[in-house]
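Novice: need coordinates for the following:
(chains A and B)
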Amino acid sequence: MNKQISLQDFVGQLEDGMTIGIGGWGPRRKPMALVREILKSDLKDLTVVAYGGADVGMLCAAGKVKKVVFAFVSLDFIPLEPYFRQARQNGDIEVMEIDEGMMLLGLRAAAWDCPFIPTKVGLGTDVIKYNSDIKVIDSPYDDKEWVAMPALKLDAALIHTNRADTRGVCQITSPDHYMDDWFARAAAKTFVSTEEIVDTEFFADEAQARFVFWERSQTTAVIHVPGGAHPSSCAPNYGFDAPHFKEYNASAKEGGFEAYAGKFITGKSEDEYQQAVGGADAIQKLPLPTY
Amino acid sequence: MATPAKDYTLAELIICANAAAYKDDGEVLITGIGVLPRIAASLAMKTCNTDIMMTDSESWLLSEPNPVGNRGADFKQMNETWMGFSRIFDNVWSGRRHLTGGPTQIDRFGQSNISALGGTYDKPKIQMLGTRGFPGNSICHANSYFVPSHNTRVFIEGECDVVCTIGYNPDRLPKGYTFDDIDLRMIFTDLCVMDFGGPDRQMRLVSLHPGITVEQVVENTGFEVFIPDSVPTTPAPTEEQLAIIQQIDPQNLRSKQLKDNPPGDRS
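Specialist: Numbers count the residues shown, from 1 in each chain, chains lettered A, B, ... in the order given. Modelled structure (predicted):
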């Protein structure tokens, strides 16, 4: 089965009001080309589930978001995501703010078709005070109470990988695949943008196959977008674009998101976006960060 | 034997105090968030508790802590296993971890906040990071705090604007839990070291940094701290510790973490 599609075909498969999970972590390996297609679309009222970075900030700024399910939204070296911050401080969005590990449990519950997974995480904190959807329950096995972390069922997951074949075998060679496998498993449909399309024989090498973290049955479609994580990183191919993030961050103080989007995204194809930020070659040469 | 240093900075004093907190932790993952807590964890791993585990702050568990800052192209990182974020939670939920983090607010119960300030929850005045992994950290394993500027905006009079961690608050104690299930350890500030060893887990002054008075701590804390009859001075770093700190932080990033990089002794 050939699952390769175009960016335009991808965005046509999403609908208003969907719950969309976005892989990656903060400014790292975010499927930003897919996010940009959503920004250019008429989609609205989305619920976004993410270990958030500029993906969440941009979608909020463009008015695409009804609700964000998050543990943090951060650009790491710029700790506070400017447009997520604006959306929160303006009271523009609903939120489900949870612990990072609770999000992992919610994705696992969805992947495993369980209504919830019990955990002690969240007890005694405002996570259970402000989230009326998260219940605290008695245990059939001990005398303690437990947080019943509900399944975070996704209509769609968006993920960016280093390699994929057209059948949906996806490889992540970055140092961390984060929770991307759980996003893929929690979703009804998983859309994967990738740096490189390889032949299926590529994975015959055990050393390569070890970096495949979910089965192709969890991949709905593959979109070939080298540089598609920009301005986030896609290690080991390239690092995040610090000057670009600084410009993005500054736009929140002066000009606003419309000016940023007007310069880089609105009315532009992905190729035109990449030319506007310095070119595809420059993206691939962005230095990897030191932690 | 250890030789107390005469010339040292406040940053180095705090690093050594923080490192000492890991001495009896055994074989656990130590996470120090920020430059000074990370140097402290590395110092502990090289001195008082060589069983400690540390990560590269990205995705590998290390047998030798990485120096902080840029490390040069020929640097060989000493990995011992993969430790991506999903696996971090396997460690967190096992309880075999001690974290030193830096919250924006800490209240009298030891509850802390990194999520948002002011306004209402639906429309905060200042949105910060979000609750991150703080709820899970606080109920699963040992936690200490680092506070670079000890003042009443951090140590607030009331309860935290958003309570991100469980503390010693009787009104929030979950069913079936006692305070023994919560392991808040130490607080390291630019003025002093504190713990929760007062009556009913009240925050207690453990030691004052050289040149700092009890009155300064009291004035800069928004709630009552338990003050023992005699309060020792935070021990000065040893020359041996300073030499190891220099190896961990050859670019002296520690000098840029506290405003004006004060000396260790401010008397």
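
Novice: point out where the stretch 1-150 of chain A drops to low pLDDT.
Specialist: For the stretch 1-150 of chain A, no stretch is flagged by pLDDT under 70.

Novice: pLDDT (mean, whole number) over stretch B:162-182?
Specialist: Mean per-residue pLDDT for stretch B:162-182: 98.

Novice: give me the distance between the two termini of it.
Specialist: One end of stretch B:162-182 to the other measures 19 Å (Cα to Cα, to the nearest Å).

Novice: can you give me the buried ones in it?
Specialist: Judged by neighbour count (16 or more other Cβ atoms under 10 Å in any protein chain shown), stretch B:162-182 contains these buried residues: B:162-169, B:172-174, B:177, B:182. (Glycine included, C-beta is placed from N, CA and C.)

Novice: likewise stretch A:36-47?
Specialist: Buried residues in stretch A:36-47, counting neighbours by 16+ other Cβ under 10 Å, are found at A:Arg36, A:Glu37, A:Ile38, A:Leu39, A:Lys40, A:Ser41, A:Leu43, A:Leu46, A:Thr47.

Novice: out of those residues, which are inside helices?
Specialist: A:Arg36, A:Glu37, A:Ile38, A:Leu39, A:Lys40 (DSSP state H).

Novice: my guess is the second one contacts A:Gly12, does it?
Specialist: No. The pair A:Glu37 / A:Gly12 is not scored as a contact, 9.4 Å apart, by Cβ atoms under 8 Å.

Novice: quick revisit: between the ones in helices among the buried residues of stretch A:36-47, which is closest to B:Asp7?
Specialist: Nearest to B:Asp7 among those is A:Arg36, at 54.4 Å by Cβ to Cβ.

Novice: helices along the stretch 151-291 of chain A, start to end?
Specialist: A:180-186, A:206-209, A:242-251, A:256-264, A:270-276, A:280-284 (DSSP state H, counting those that start in this stretch).

Novice: elements contacting the longest helix seen in chain A?
Specialist: Longest helix in chain A by number of residues (criterion: DSSP H): helix A:100-111. On a contact count with 3 or more Cβ pairs under 8 Å, 6 or more residues apart in numbering or on different chains; DSSP states H and E, helix A:100-111 meets strand A:46-50, strand A:65-70, strand A:116-119, strand A:145-150, helix A:180-186, helix B:85-94, helix B:134-140.

Novice: partners of the first one, with directions?
Specialist: When you say that, I think you mean strand A:46-50. Applying DSSP bridges, strand A:46-50 is found paired with strand A:19-22 (parallel), strand A:65-70 (parallel).

Novice: and those, which is most packed in?
Specialist: Stretch with highest mean neighbour count among these: strand A:19-22 (a mean of 26; mean count of other Cβ atoms under 10 Å in any protein chain shown).

Novice: ok, and what's touching that strand?
Specialist: Outside strand A:19-22, the residues that touch it by Cβ atoms under 8 Å, 6 or more residues apart in numbering or on different chains are A:14, A:30-31, A:35, A:46-50, A:52, A:55-56, A:107, A:152-159, A:183, A:186-187.

Novice: swap the cut-off to 7 Å and go again
Specialist: With contacts defined as Cβ atoms under 7 Å, 6 or more residues apart in numbering or on different chains, strand A:19-22 is touched by A:30-31, A:46-50, A:55, A:153-158, A:183, A:186-187.

Novice: roughly how far does B:Asp229 sit from B:Arg201?
Specialist: B:Asp229 sits at a distance of 19 Å from B:Arg201 (criterion: Cβ to Cβ, to the nearest Å).

Novice: can you check which of the helices of the stretch 151-291 of chain A gets nearest to chain B?
Specialist: Comparison of the helices of the stretch 151-291 of chain A against chain B by Cβ to the nearest Cβ identifies helix A:180-186 as nearest, at 7.5 Å.

Novice: which strands and helices sit next to the closest one?
Specialist: Where contact means 3 or more Cβ pairs under 7 Å, 6 or more residues apart in numbering or on different chains; DSSP states H and E, helix A:180-186 is packed against helix A:100-111, strand A:154-164.

Novice: what residues does chain A have near chain B?
Specialist: A:25, A:70-74, A:79-80, A:84-85, A:88-89, A:91, A:97, A:99-101, A:104, A:120-127, A:130, A:142-145, A:175-179, A:290-291 (Cβ under 7 Å from any Cβ of the partner chain).

Novice: now the residues you listed: which count as buried?
Specialist: Among these, those scoring as buried are A:25, A:70-74, A:80, A:84-85, A:88-89, A:97, A:99-101, A:104, A:120-127, A:130, A:145, A:175-179 (criterion: 16+ other Cβ under 10 Å).

Novice: looking at it, B:Met54 is touching B:Val28, isn't it?
Specialist: No. Assessed by Cβ atoms under 7 Å, B:Met54 is found out of contact with B:Val28, at 10.3 Å.

Novice: redo the helices of the stretch 151-291 of chain A as CSV? Include mean neighbour count, mean pLDDT and distance to B:Ala17.
Specialist: What follows is these, written out as CSV (neighbours: other Cβ atoms under 10 Å in any protein chain shown; pLDDT from 0 to 100; distance: least, Cβ to Cβ, whole Å):
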stretch, mean neighbour count, mean pLDDT, distance to B:Ala17
helix A:180-186, 26, 98, 39
helix A:206-209, 10, 98, 45
helix A:242-251, 17, 98, 34
helix A:256-264, 16, 98, 44
helix A:270-276, 16, 98, 49
helix A:280-284, 15, 98, 44
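
Novice: would you mind giving those as TSV with distance to B:Ser42 added?
Specialist: Listed next are the helices of the stretch 151-291 of chain A as TSV, based on distance: least, Cβ to Cβ, whole Å:
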stretch	distance to B:Ser42
helix A:180-186	30
helix A:206-209	32
helix A:242-251	26
helix A:256-264	39
helix A:270-276	40
helix A:280-284	34
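
Novice: spell out which parts of chain B neighbour chain A.
Specialist: B:56-59, B:70-71, B:84-86, B:89, B:92, B:115, B:121-125, B:127-133, B:135-136, B:139, B:162-166, B:172-177.

Novice: which among those end up buried?
Specialist: Buried, going by 16+ other Cβ under 10 Å: B:56, B:58-59, B:84-86, B:89, B:92, B:115, B:124, B:127-133, B:135-136, B:139, B:162-166, B:172-174, B:177, out of those.

Novice: now the residue lying farthest from the centre of chain A: which helix or strand?
Specialist: Centroid-distance maximum for chain A: A:Asp143 at 38.0 Å, with Cα atoms, centre = their mean. Using DSSP states H and E, A:Asp143 sits within no helix or strand.

Novice: correct me, but it touches B:Gly176?
Specialist: Yes. Assessed by Cβ under 7 Å, A:Asp143 is found in contact with B:Gly176 at 4.6 Å.

Novice: any weak-confidence spans in the stretch 1-150 of chain B?
Specialist: By pLDDT under 70, the low-scoring segments of the stretch 1-150 of chain B are B:1.

Novice: can you show me the helices along it?
Specialist: With DSSP H, counting those that start in this stretch as the criterion, the stretch 1-150 of chain B has helices at B:10-20, B:35-46, B:85-94, B:134-140.

Novice: leaving out chain neighbours, which residue sits closest to A:Ile137?
Specialist: Distance criterion Cβ to Cβ, 6 or more residues apart in numbering or on different chains; nearest residue to A:Ile137, sequence neighbours excluded, is A:Ala148 at 4.8 Å.

Novice: how many residues are close by that neighbour?
Specialist: As a burial measure, A:Ala148 scores 17 neighbours (other Cβ atoms under 10 Å in any protein chain shown).

Novice: how about the contacts made by it?
Specialist: Neighbouring residues of A:Ala148 by Cβ under 7 Å, 6+ apart: A:Phe116, A:Pro118, A:Lys135, A:Ile137.

Novice: over to A:Pro27?
Specialist: Shown in contact with A:Pro27 (Cβ under 7 Å, 6+ apart): A:Gly53, A:Ala54, A:Leu75, A:Asp76, A:Ser232, A:Ser233, A:Phe240, A:Phe245.

Novice: buried members of those residues into ChimeraX, please.
Specialist: The buried subset of the contacts of A:Pro27, as determined by 16+ other Cβ under 10 Å, is captured in ChimeraX by this line:
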select /A:53,54,75,76,232,233,240,245
